[in-house]
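In: Provided below for reference: sequence and predicted model.
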Amino acid sequence: MVESRFPFVRAARRCCVFLLPLFWLLASVVSAQNTGLKELPPEYQPNSDYESWFTDLEKSVDERWPDRVLERYAEELARKDYLGALRGLADEFRIAPWPTHGDLKARFQTRMDRVIDEFEKARAEAGVDGKLETREQRDALLAALNDRRVGTQSLLPEMARPAGGGAADLELVFFAGTLDDPDDPSEMIRTYQVDTSNDTFELLVPRDLMRDLRLRAEGVRAVLQHFVEPVQSAAFETIRLADAQWTNYLKNGYSQYPWEALINGKLWTFSEFDPPNQQLILLHPTIGFEASTGSLDHLVADEVINVELLGYVGYYGDEYEHFFGGSIAASLRNDVDPGIGFVLHWNKSFSAGVSWHDLDDDGDPFDDEPAVYMSFDLFRYVQTEGPAFKSKYDRVRALMPK
Amino acid sequence: MAGSLLFVVHGMGVHAPGWEAEVRTKLEEVAGRYSGHAANPAGLWNDLELVPVGYDDILSDAIDRWRTNAGGIADFARRNAQLEGLDADFLEKFANEDPNFFWTHVCDVLLYRFFELYRKAIRARVAKQIVDRVRQLPNDAFDDCSVLAHSLGTAVTHDTLHLLATSTFGGASKPYGVLNSRFRAIVMLANTSRVLQTEFKAYDSVVRGGSRTSKVSNCSQFMSWRHEWDPICLVRRFAPDKWPTTFNWIDSVSHFREANVHGFTHYLDNPRIHIPLLELALGKAIAKPSERIDKVDKYEKFGGRLRKVPEIEALVAKIFAEIARLNENSDWATLLDVLRKLKALIEQLKPLIAQLKAELAADIA
């Protein structure tokens, strides 16, 4: 635990740890306002936003406040000694004075100790004897903890519907299930009950004790979250990257017709968080222009529909931001017989290729001058260039022979 | 900063940025019906942040591309007589189906159900939006978050949350497993997670309510509501048995406020739905216990544009009762009396029918 250099600060903190709860306990005995409440205090609401519970002064001095817990156990957390931090929190709760409702404290303490025991067993099971050094060790320990039904939320209260209640009849309880049987309510702690005849609430756990339980639970959550965070962070990076890859594959990649999307969905091995980086092209029509290569002086470009018979596109870059591929294509024009050729695709809107038409009708298209083909991935281009494309397109068409 | 988050996932159809405004407005309106928020319905958002979760851009991008490509090629084919072999009409039909329904609604469902590429991209997108926002909360507090989904969005939500909770991301553990990432509540309206189920079976998934020690549930409270007249909910209805009612509530409603009983906001209008939804999402009561009971009990089956339906029903019943007075042995006096009364009843009925017809027409428009 981090100790202050100043003795009076240390003394004040210790006072806070032990005396503040006592102060609240005594205050509660004096007030004893646990029945006939017209409104439920915020401690009985499931939010973990404590702003409404505490004054700024209380937040700054109460050692149970989750931020303070992380500060006090900063050394243990830096050493990745989570078990040490958890034991410290359990010991603090053990010696905290509860002049009333000792049975409740015992039940909570039992669950807290059990969670820590399971953490220790999971650590042994995961082969993490000393401190956690690597993310793989955290990962293994987290898996073992999940098997043992332990997680960051283990001690937090939860919403449950009492037997015979309606959809909206929900209560905040602790431990609706046991660690051995999630459907066993034998360890459940009800925190309040409602009297619908006069719209009042009876607090079954006094307010100051409820606050104590919730803060202890949040302290344990803060420590366990510190342990889980690196594993979750890596997982989130995978999710973020996958979303970026999907966007590049589907939105910025080479377009797919419905039949291609269906086939590509079946052909490649991929998952939600590991998108495909390959794409089959099949019977993919596009519109473009074809120019003869016979003479630059008499260059004629003609509108053409190109049907890519079969092809392949590969994606590369961390986020699949680039692609490259090609296909065998049939070129259909209104002035000559269909031709055959190939098309190459690279990033974004344009593709280019070469095609041969049987211009001299001798049955062999390959003895004629090839035509250079350039196509637009129409949708992509229209989407990005929009109106500018249309005016260019119209101008080009106006230049063509009628 | 709001203490709780409510992720709202849309259904089929076009959902441009800002689509969540109608849900926000409706939740404000219904919150204002209760003592807790009557004075300031917008104060709801002091305690609750509504987070829209969208995926429509993935679907609409694909559909727009198909329509553009198909339309452009059909146009080219028509202008070039040489290409008579190409069925331009097929592509044209493909591109020009009823744009208000086929492309924007049916296609969404078909794409999600049958096209693995789009289905998986959508799940990744939705997972990213939810986790990204939760990670901005202190301690990644999933327990401060609720999810509200409608129609196609229920299937998307179901699949995504199951996937998120069960994925190992290449490791041994499930980083966003249910023990660490349990939502406070998941509320499904017009639940399609069963009719559209693919890899993840709706009754076997972790998307259900359970205690914090459960390894097979990802939320404290799960609710699924269907409207008895909503056609979307009639096929392969979501109705699991033996899910403990302590944590799960599967139920139906039968109110009528507008022609489209499938509508997101039409569901939200019902206090049986919006009271537990708001109270769970907010994490606190919006009304006194007796007020909640009163509002549910007094919620009429017909209201809004359909408020005259009970009156019409009553008049029709009277017409049938008058007709029933006639039989083989009735005399002239009775016949004339019945005719006189029928005329009066029909005169009463006419303006009501006309008003209903006009309002329904406006509603559909």
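Out: Great, that's in hand.

In: quick one, phi psi at A:Leu172?
Out: Backbone torsions for A:Leu172, taken as degrees, to the nearest 10, come to phi -90, psi 120.

In: so how far is A:Asp129 from the residue lying closest to A:Leu132 once chain neighbours are set aside?
Out: What sits nearest to A:Leu132 in space, not counting adjacent residues and going by Cβ to Cβ, 6 or more residues apart in numbering or on different chains, is A:Lys80, at 4.2 Å. Yep, even glycine has a C-beta here, placed from its N, CA and C like the rest. Per Cβ to Cβ, to the nearest Å, A:Lys80 is found 12 Å from A:Asp129.

In: More neighbours: which of the two?
Out: A:Lys80 (19 against 8; other Cβ atoms under 10 Å in any protein chain shown).

In: For the residue nearest to B:Gln197 when sequence neighbours are not counted, the count of nearby residues, please.
Out: Counting by Cβ to Cβ, 6+ apart, the nearest residue to B:Gln197 once its immediate chain neighbours are dropped is B:Ala155, at 7.3 Å. Neighbour count for B:Ala155, taken as other Cβ under 10 Å: 30.

In: Run through the neighbouring helices and strands of whichever strand or helix holds B:Ala155.
Out: Per DSSP states H and E, B:Ala155 falls inside helix B:152-166. In this structure, helix B:152-166 packs against strand B:4-9, helix B:107-114, helix B:116-134, strand B:145-150, strand B:183-189, with contacts taken as 3 or more Cβ pairs under 8 Å, 6 or more residues apart in numbering or on different chains; DSSP states H and E.

In: got the angle for it vs helix B:107-114?
Out: Put simply, helix B:152-166 runs at 30 degrees to helix B:107-114, going by axes from the mean of the first three to the mean of the last three Cα atoms, to 10 degrees.

In: and helix B:152-166, how far out from the chain's middle?
Out: 16 Å (Cα atoms, centre = their mean, to the nearest Å).

In: And B:Pro231, how far from B:Val195?
Out: 11 Å.

In: how far out from the middle of the chain is stretch B:267-274?
Out: On Cα atoms, centre = their mean, the centre of stretch B:267-274 falls 11 Å from that of its chain.

In: Could I get the full set of strands for the chain?
Out: The chain I'm using is chain A. A:158-160, A:171-174, A:189-190, A:192-195, A:200-203, A:278-292, A:301-316, A:322-332, A:339-346, A:350-356, A:371-376 (DSSP state E).

In: Sorry, I should have been clearer: chain B.
Out: Using DSSP E, strands in chain B cover B:4-9, B:48-53, B:145-150, B:183-189, B:219-227, B:248-253.

In: Looking at the ones you listed, which is nearest to B:Trp19?
Out: Nearest to B:Trp19 among the strands of chain B is strand B:48-53 (6.7 Å), distances taken as Cβ to Cβ.

In: between the closest one and helix B:116-134, how many degrees?
Out: 160 degrees.

In: burial of A:Pro185, as a residue count?
Out: 18.

In: OK, contacts around it?
Out: Shown in contact with A:Pro185 (Cβ atoms under 8 Å, 6 or more residues apart in numbering or on different chains): A:Ala176, A:Gly177, B:Thr246.

In: coming back round to it: comparing B:Pro231 and B:Val195, which residue is more hemmed in?
Out: Shown here are B:Pro231 and B:Val195; by other Cβ under 10 Å, B:Val195 has more neighbours (18 against 10).

In: thought the more buried one was touching B:Val235?
Out: Yes: in this structure, B:Val195 is within contact of B:Val235 by Cβ atoms under 8 Å, at 5.3 Å.

In: Including mean neighbour count, could the helices and strands packed on helix B:152-166 go into JSON lines?
Out: As requested, these are exported to JSON lines (neighbours: other Cβ atoms under 10 Å in any protein chain shown):
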{"stretch": "strand B:4-9", "mean neighbour count": "25"}
{"stretch": "helix B:107-114", "mean neighbour count": "20"}
{"stretch": "helix B:116-134", "mean neighbour count": "23"}
{"stretch": "strand B:145-150", "mean neighbour count": "28"}
{"stretch": "strand B:183-189", "mean neighbour count": "28"}
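
In: how close does the closest residue to A:Thr286 other than its chain neighbours sit to A:Ser331?
Out: The shortest distance from A:Thr286 to any non-neighbouring residue, by Cβ to Cβ, 6+ apart, is to A:Ser375 (4.5 Å). Distance of A:Ser375 to A:Ser331, given as Cβ to Cβ: 10 Å.
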